[in-house]
Every structure is written in C-alpha cells, then in structure tokens.
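Colleague: what follows is a predicted protein model with its sequence.
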Amino acid sequence: MPSHAISTIMSNFLSPELNQIAAAASTCAGLPMAPRDTLPSSVQNMTFLIEKLSEDCTPVQFLREYTQNGIDAIAKLQHGRGEITWDVDWMLFADTGQRKLACIDTGIGMSGPEMVRQLNQWFTSGQIQSSTANFGVGAKISAMTRNRVGLTYQSWKDGQGAVVHLRYDPDAKVYGLMRCENNGGEFWSPLSDEFKPKEIDTHGTKVIFHGNDVDEDTMEGPKGVVAPARWVARHLNTRYFRLPAGVSLRAREGWQYPCDDTRHNFLRQIEGQGSWLDRYAQSKGSVPLDGATAHWWILVPEGHRGAGEVAAGGHTAALFQNELYELASGRAGIARLQAFGAIFGTDRVVIYVEPHDTEGERPAANAARTQIKIKGEGLNWTHWAAQFRERMPLELVNLQHEIGTRSGDRDYKESIASRLRQLLDLMVNRRLSPSSNGALNSREGARDDEEEGQCGQVEVETRRLPTLGAIPGRKSVSVGNYVRRLLLGGPKPAQAEHSLHTPNVHWVSVKDGTRNACDMEDRAAKFLPEQETLLVNKDFQVFTSMLERWKGTYQHLHGSEKAVEEVVQEWFEQQLLEVILGARALSAGGKWSSPELESLWSESALSAAVLPRWHVDSSIGRTLSHRFGSASRDA
C-alpha cells in the first residue's frame, strides 16, 4: 500500500495534535511511523475532575493565582515593569449597579486565539510547566467553580482588544468558552477601546469575576474570610513575602462608600509581609537549620499591629520562592512559636522557615499550592523547632528573660517540692520492670503468675504455643515469649526512678503582657514538655474566683492581697504539677504511649484537674490561717 494512503487512513483516526506529531515523525522502510506506541490517557468526565481539584483550593486562592498570572505577564515585557489592580469593575457597575470584582494587569496581553487556546485547555500554561515553577492549573481551577456564571477575559495585545467568556453550561454540565455569534461562530470576539480600563494602554488583561449568581456581589469576600473589609489585601500580603521589582500591586478597600470618599474608598498598596516586617522590626536575623534557614523578627512593642491588611506578630510560615505557605496564626501560631522556644512575647515574634534544595531533597508546592513537600512528605517542623531552640539568637533569649521575669518569683517553690518528695513512692511506678532475662517482674516481689492474666485477651499468653521453625543448636522458643522479647527490646536491668524532675512554672496573664489573649483562652494551663515548662493562666476563671473569695475573707488586713495570691497559686500549682508528674509515672508500666500521655497533660485535661476545689479550698484556708494567725479571726 502506498505510504500516502497509510497517512490518509491514519489521519481519519488521529486528533489534530497527533496528526502534527505523525507528520513530523521519521519514517522507517519508507512508511510513516505511528505517532507513539502508547495510547494517551484522556479524561472521561472533565467537569468532575475540575470540581474535585477545586475542593483542594481555599476560597481565596484565586487571588494568588490571578495575581501570579499578572506578574508572569508583566515579566514578559521588555522593561519588566507593570501594575496589577484588584478593583470593582466600574464600567459594569455604571451600567447595571452590580459590583463585580475585577483583576487588571498591564502585562503583555493575549490575542483572541491565544485566549481560546490557553483558557479552554485546562492544564495548560503560558509559562514552562514545572513542579517547582508554574503548574498551569491554578487560576481556572481555583476560580471557575466559584464563578459558574462566568469569568470574562478582556485583553489587549499590540493595541488590539479581544474578549472571551468562560462559564459553566448547566444544560450540558460542562465548563467551557461561550460561542461569539458576531464573530463567525468563533469563541472570541474583537473588543473596542471603549471597554478598556484606564490602567491599560496598548497591552494588558482584565478578568471579571461574576460569581455563582448573576446578582452576586463578588466584591464581598467568601464567608468567614479574615479581615472582610480588606480581604483581598490581607490575603495577598500574607501570601507574598516580597513582590518582584518593578511590579506594583493594589487592592480596593471601602468600595461601599462613595467614590469621592477617598478616606474610606481607596486602593491600598500591597507590599507583602517581608517589607512590613522589616519596617516594624526591633531586631531580625536568620538561623541555619538542617536543610533550611529560619528567618526571625522581633517587632517593636507598639505600632506593629497594622489595620488587618497584614498578619501581625505571633505567627509562623514556610517561605518558598518568595511566597508564604502553611501560615499559622492565633493559637496555632502561638503553639508553634512556643515549640521554637519563643514562650513569652509571642505577639511580637514572627518566624519563617525557608527549606533549601539539598541533595535528593527538593522542596515543591503541592498542586493546590497550600503546602510545601519534600519527597512527598510534609515539612519537618518538629526537628527544625528543636534545632532553633538550641541555636536561639541572643535577642530572642533576652526577650524571654525580659518578659518571663514579669511572671514573678515565688517563695513557695520549696514547699511544693517538699510535699512532692513525700509522695515519691506514689509518683514513681514501682510495679513492673524488665528483669535481666527479659520477663516482666514485679518490683514488689509479686510472682510471675500473679502478673499474668491482667488484661484478658490482650495479654501475651505464657502457655506454650506452636514453635517457629526449629533452629539447629538452639532451644525452641514459644511464639509468646519470642514476641515478648521483641517488645522488650532485649534484656534490661530492673531500675526504679527515685527522683522527680519538676518543670519550670510561670503564671502568665494578659494584663502584665506575659500571655497572648488568644493563648490558653479560658484554659487553666499549658505544658511544654520539650522546654520542661508549665504555663499557668492567671486569668482562668477557677483561679480568679478562688482568689476573689479569699481576698474578700482577709480584706480587713492591709497588705494581705499578695500573700493570698501566693497561697492560692501555690496550691493550684501543686495540683497541676501532680498531674504532670503522675502522668509521667504511668509510662514506666509500658501501657501508655507518648500520644496517650500527652492527652493527660493537654490544656483540657489540666483545666479539668483544677475543677475539684474542696480540698484545694481547705488547704488554702489552713495555710492562710496559719500565716495570719489570730488576725484571721478578727474578720
């Protein structure tokens, strides 16, 4: 068969893209080769895939994606300078009275055919696609399912305008471009300059977000968004660490006010967190870690809160390619900062960890751009926190001392230690210990058979079981004993722990600046095992009510308030310490794992521990009666 006939037959079965490959393929024995030996995969239900992928995107992620598209478009210009503006589409507002969010960039722009090609192919990009660069999936995936009425793209390139409309077709149940009948049935249409926004001259793009309903006000942020009055600026500032040189980024605030009210209705300049942190830093620096660098800032005591358009102190994040990922603020941010050793003054501290490319370990963002992963695993925050504590810069150490001293020195510490020493035998688990031959023996001399059968079917039975394959020259070992030896990890001498290591205790309060308002809110205490530190919330209602009770009892004694406060704190502190030490003692029995032990000293557990008050109240009464003597009877 002639080769041109084969080509003709093949062309009837191949898509245009594969035909191009087939035409360019080399020939063998004078016949065109098949384009490839593998049938490319395809997607049967693209709508399902789009909606499934969009579930991994946050409701505001599209702000980053379209901003990044604008940055990339500006980078293609010869001078590399341009503007990106998030604003109301004022033209549409003038015509319809509806407020729709629009993103305008002064980048290189797109022609009509270019928009059709790039916007209707969902996994394409105008940039080179890479796991560490552009994916070509973010903008459309993150925005389309939240704008089913449509996304209108207006773009000018070399002075020529064009428009396309990407929408969800409820009848066909597909996402795609809308046909333009006034342009010969094409999916794009020429656009006159009367629709051109003032920001654009000869090149640039405007995208209008219509929402999921024709009457939806898309200037309003998604439900639950942070800083709803300036949600666009907030997200972009907390997403970008620094913007590229030559790129100006602005976002509208106060769009509900009249346009001539420039005090409320204006475009806010967006710089990114890095510029803001540098401006309000009292001190800053970097700490090298394994495969990463930790950048830290201590903010000035006043004037560092911002107006909600940035993330103030008290947060952490991962820094990657000048963008911030996994930003933790509020309670989560405080917890992570305390893990890094910044226990006090968390509202003035910010730490960003920047992972590096190392041999065989290249960090990359996940498809939804919400996390940074290395070899498919999340970042090792625990390891980096431990390293940072060991290498904590002097400025942060001094801040801890400066604020930590406000928690006060207590002269009752030895009294608590003395009482705890009397409970030493109760605090140390002396019941079970591994003997030299690997069996569990009682430290109090109980027989082996008395230790068996304690846990019903869960126990490892000691009766003789079928043996494993016999090993020449070795005695047969029962499966039960074999498993027991494995779990014990080999022979260990029986040793009892006879010392108590009590953690450092700090009573903290919002009033004296030793506690952040959202840290331990309405909780009694927090235990930080890595730092051997117990933080007790002086503002917890159980403590304050007990303090007021006894202050009222001795209000007739001038100067009694401080003594009353010390006694109240002393007895509650002992109660909390007993919980922690008692929990640790359970580990000797081998029946409590680390996560289970941690649940015993969680904030909720420590709060529950101080709820019973009869014995504490009695102890406080006896101690105060002894301290004040006969004066206490004059009440």
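Modeller: Noted; the coordinates are in hand. Numbers count the residues shown, from 1 in each chain.
Colleague: helices along the stretch 501-635 of the chain, start to end?
Modeller: 541-553, 560-586, 594-600, 603-609, 614-628 (DSSP state H, counting those that start in this stretch).
Colleague: and the third one, what does it pack onto?
Modeller: Which is helix 594-600. Counting contacts by 3 or more CB pairs under 8 Å, 6 or more residues apart in numbering; DSSP states H and E, helix 594-600 packs against helix 560-586. Every C-beta, even on glycine, is put in place using the N, C-alpha and C of the backbone.
Colleague: same check on the longest one?
Modeller: Other helices and strands packing on helix 560-586, by 3+ CB pairs under 8 Å, 6+ apart, are helix 413-422, helix 424-427, strand 504-508, strand 533-537, helix 541-553, helix 594-600, helix 603-609, helix 614-628.
Colleague: pull stretch 516-535 out as PDB, backbone CA atoms only.
Modeller: What follows is stretch 516-535, C-alpha atoms only, in PDB (Å, rounded to 0.1, in the frame of the first residue of the first chain):
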ATOM      1  CA  ASN A 516      -1.300  36.500  74.400                       C
ATOM      2  CA  ALA A 517      -5.000  37.000  74.600                       C
ATOM      3  CA  CYS A 518      -5.800  34.000  72.400                       C
ATOM      4  CA  ASP A 519      -3.400  31.700  74.100                       C
ATOM      5  CA  MET A 520      -4.900  29.400  76.700                       C
ATOM      6  CA  GLU A 521      -8.200  31.400  76.400                       C
ATOM      7  CA  ASP A 522     -10.400  30.100  79.300                       C
ATOM      8  CA  ARG A 523      -8.000  27.200  79.900                       C
ATOM      9  CA  ALA A 524      -6.000  26.600  83.100                       C
ATOM     10  CA  ALA A 525      -2.600  25.800  81.800                       C
ATOM     11  CA  LYS A 526      -0.300  24.500  79.100                       C
ATOM     12  CA  PHE A 527       2.600  22.100  79.400                       C
ATOM     13  CA  LEU A 528       5.500  22.300  77.000                       C
ATOM     14  CA  PRO A 529       7.400  19.000  77.600                       C
ATOM     15  CA  GLU A 530      10.300  19.900  75.200                       C
ATOM     16  CA  GLN A 531      11.000  23.000  77.200                       C
ATOM     17  CA  GLU A 532      10.100  21.500  80.600                       C
ATOM     18  CA  THR A 533       7.800  24.500  81.200                       C
ATOM     19  CA  LEU A 534       4.400  24.800  82.600                       C
ATOM     20  CA  LEU A 535       2.500  27.900  81.800                       C
END
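Colleague: and for that stretch, what are the contacting residues?
Modeller: Stretch 516-535 has contacts (CB atoms under 8 Å, 6 or more residues apart in numbering) with 314, 330-331, 334, 338-339, 341, 343, 346-347, 385-386, 389, 501, 503-506, 508, 510, 515, 536-537, 540-543, 576-577, 580, 598, 601, 603-604, 606-607, 609-610.
Colleague: show the buried residues in the residues you listed.
Modeller: Buried members of these, counted by 16 or more other CB atoms under 10 Å: 314, 331, 334, 338-339, 341, 343, 346-347, 385-386, 503, 505-506, 508, 510, 515, 536-537, 540, 542-543, 576-577, 580, 601, 603, 606-607, 609-610.
Colleague: residues contacting K375?
Modeller: Contacts of K375 by CB under 8 Å, 6+ apart are 360-361.
Colleague: pLDDT score for it?
Modeller: On pLDDT, K375 comes in at 88.
Colleague: what's the closest non-adjacent residue to S604?
Modeller: In space, and not counting its chain neighbours, S604 is closest to R523: 7.3 Å by CB to CB, 6 or more residues apart in numbering.
Colleague: coming back round to it: highest mean neighbour count out of the helices of the stretch 501-635 of the chain?
Modeller: helix 560-586 (a mean of 19; mean count of other CB atoms under 10 Å).
Colleague: now do that one: distance to the chain's middle.
Modeller: For helix 560-586, the separation from the chain centroid amounts to 34 Å (computed by CA atoms, centre = their mean, to the nearest Å).
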